[in-house]
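3D, please:
(one chain, ligands or ions: 1)
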Amino acid sequence: MATQFERRPDDDSILLPAATIAGTRYGASILEAGNAIHDASTGDVIGWQEHADAAQVDAAVRAAHAALDAWRSRTPASRGKVLRKIAELLEAERAQLSAMQQRVSGKPPLEADTDVSDAIATFAYYADLCANAALFGADALTVPDDTVIAERHYEAVGVTALIVPWNFPMVTTAWKIAPALAAGCTAVLKPSEFTSPVEHMLAAIMTAAGVPEGVVNLVNGGGEVGALLAAHPLTDKISFTGSTAVGRKVMQVAAQDMKRVTLELGGKSALIVRADADIEQAIALAMGGAFTNAGQMCSATSRILVHDDVYRKFMAAFEVAVRALVVAPPWTENVSMGPLVSRAQCARVKALLDQGVAHGATVAFSGTLESACAEGFFMAPVVIAEPDAANVLWTDEVFGPLACVKSFRTDDEAIALANDTRYGLVATVVTRDDEAARRYRQALRAGLVWINTPQLIFPQVCWGGLGLSGIGRELGVAGLRSYQELRHAVVARA
Ligand code: NAD
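Next up, the predicted model:
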């Protein structure tokens, strides 16, 4: 099944409805209120989407509410079958999904394919969990009183509002929808206004896989639509991925009704290269950590700490690697980095770079752009050497292809520098010393630490950060639990 988009007759551009509620599309007349969707590599308009109004957001939440009882009453195994089917259909539509991801985000084919693989793995993983009855329903607890039976129950939280950003659209969405459906929750999804065609394809796949009407609904739009959805009195939980600034607003709104929240927010993560590191490996990990997805990653390791003894060697090799990056549209042979998602994001990152440089940051070297980059939202990768610890490029999430490198002399100094941030999402350490690796793993304040590996992500391993990087965990069993309420009963024995 290839997803059928409505098309505008005059130029064949995609028309996305304001909302898909219980299987019915609302509005695609374009455009009372809405936005254009661009090909990030060319700047061309490839589609239009209408934004949902308050009545449509309300209808979507009510549809999810109406569908809740039937969906959560199904056995986990029956929900698991639907999840398995979604994984299969994603696999069948891999090429189309990857192509759309490449278009709207400009991701190189390998990165776009990896996103599809991640979404498939996530649905398959939660399908597997659905076969484990112990994760659902009730079990007995041992208590020091044999006149009673104590039981604990895990049950679906209810109606969920799922709000996602544009940098890994299908992936962040799968991380929310798969565990929500597994737990028996229903959902209203609000994708990012920049990349929503990918989520529309995913929604069509879910319908084809047998997700019943009303169980997953979709509303299009920007922050105002997200805010309406988050505040709706019938949503029991908000799972939000995005900036820390908006995460704060979401949490404030959730506080009103004590809605459950999961917040996956920003980061300013460190990669530490010890003196004993394999420098070739360190360069590969630094390149991946800083420039994958053009640096538009919450997990970007944009603060690189390098031991003094290997600093010169590292910088020389890093410069060679950065200059060799092929920054180009996805259809370019050997492409290694694509554009940023939008003209506005490109301008924002360049303005931040200017601000950092105006306050004393030094550009050590930068990459180049291929000639095909003239029209899209491209920016060459930039490396800053030894910024002041108060420089905005060292302190703030840039969300673009920019890395800062600082030297250190001792492990204590590296740990203190790495932890000198209010974020705490991830960290990477490159070392051949097992004892040192253990120490870093324990001392670094981050939700996930990689030692001598690229940023490997498995559905079995939870994702989430400390401090300003968010609250709660996605993926893994904790990801399922975050869509369940834990209740207990103590019953007198007959
Ligand atoms: P954003 O916070 O601007 O927007 C995220 C989503 O929230 C979008 O769908 C947006 O329309 C919606 N939104 C905006 N205002 C809202 C409001 N008041 N109420 C409810 N929803 C609202 O973020 P972005 O620019 O789309 O994405 C980049 C940010 O996302 C970065 O800070 C990045 O670190 C973060 N991110 C975090 C993770 C993670 O797992 N920790 C993953 C990806 C991205």
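
excluding chain neighbours, what is closest to V219?
A52 (4.0 Å; CB to CB, 6 or more residues apart in numbering). Using the backbone N, CA and C atoms, a C-beta is placed for each residue, glycine as well.

so the one you found, which of the three states?
coil (DSSP: H, G, I helix; E, B strand; the rest coil).

state the distance from it to I37.
16 Å (CB to CB, to the nearest Å).

more neighbours, these two?
Neighbours were counted for A52 and for I37 using other CB atoms under 10 Å; A52 has more, 31 against 23.

what parts of the protein come near the ligand?
Within reach of the ligand by CB under 6 Å from any ligand atom, the chain has these residues: 163-168, 172, 190, 192-193, 222-223, 226-227, 230, 241-243, 246, 249-250, 264-267, 298, 397, 399, 425, 470.

in this structure, which residue sits nearest the ligand?
Residue of the chain nearest the ligand, by CB to the nearest ligand atom: G226 (2.2 Å).

distance between the helix or strand containing that residue and the chain's centre?
Using DSSP states H and E, G226 sits within helix 223-231. With CA atoms, centre = their mean, to the nearest Å as the basis, helix 223-231 stands 19 Å off its chain's centre.

what packs against it?
On a contact count with 3 or more CB pairs under 8 Å, 6 or more residues apart in numbering; DSSP states H and E, helix 223-231 meets helix 54-73, strand 159-163, strand 186-190, helix 244-257.

hmm, who's touching it?
With contacts defined as CB atoms under 8 Å, 6 or more residues apart in numbering, helix 223-231 is touched by 51-52, 54, 57, 60-61, 161, 163, 188, 190, 219, 235, 238, 240, 246, 249-250, 253-254, 256, 259.

let's see that with 7 Å instead.
51-52, 54, 57, 161, 163, 188, 190, 219, 235, 238, 250, 253-254 (CB atoms under 7 Å, 6 or more residues apart in numbering).

got the angle between that helix and strand 159-163?
Per axes from the mean of the first three to the mean of the last three CA atoms, to 10 degrees, the angle that helix 223-231 makes with strand 159-163 is 150 degrees.

angle of helix 223-231 against helix 244-257?
Interaxial angle, helix 223-231 versus helix 244-257 (the same axes, to 10 degrees): 30 degrees.

what does the very next helix or strand once past helix 223-231 contact?
Using DSSP H and E, the helix or strand that follows helix 223-231 in sequence is strand 237-241. Here strand 237-241 makes contact (CB under 7 Å, 6+ apart) with 157-158, 160-165, 172, 176, 230, 247, 250, 254, 259-264, 483.

correct me, but R487 touches H153?
Yes - R487 is within contact range of H153, at 4.7 Å (criterion: CB atoms under 7 Å).

those two: which is more packed in?
Between R487 and H153, counting by other CB under 10 Å, H153 is the more crowded of the two (14 against 11).

separation between P76 and G223?
Distance of P76 to G223, given as CB to CB: 35 Å.

neighbour-wise, which of those two wins?
P76 (21 against 13).

got a list of what that one touches?
If you count contacts by CB under 7 Å, 6+ apart, P76 has them with C130, A133, F136.

make JSON lines out of the contacts of helix 223-231 and add pLDDT.
Formatted as JSON lines, those follow (pLDDT from 0 to 100):
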{"residue": "H51", "pLDDT": "94"}
{"residue": "A52", "pLDDT": "95"}
{"residue": "A54", "pLDDT": "95"}
{"residue": "V57", "pLDDT": "97"}
{"residue": "A161", "pLDDT": "98"}
{"residue": "I163", "pLDDT": "98"}
{"residue": "V188", "pLDDT": "98"}
{"residue": "K190", "pLDDT": "98"}
{"residue": "V219", "pLDDT": "97"}
{"residue": "T235", "pLDDT": "98"}
{"residue": "I238", "pLDDT": "98"}
{"residue": "V250", "pLDDT": "98"}
{"residue": "V253", "pLDDT": "98"}
{"residue": "A254", "pLDDT": "98"}
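
narrow those residues to just the buried residues.
51-52, 57, 161, 163, 188, 190, 219, 235, 238, 250, 253-254 (16 or more other CB atoms under 10 Å).
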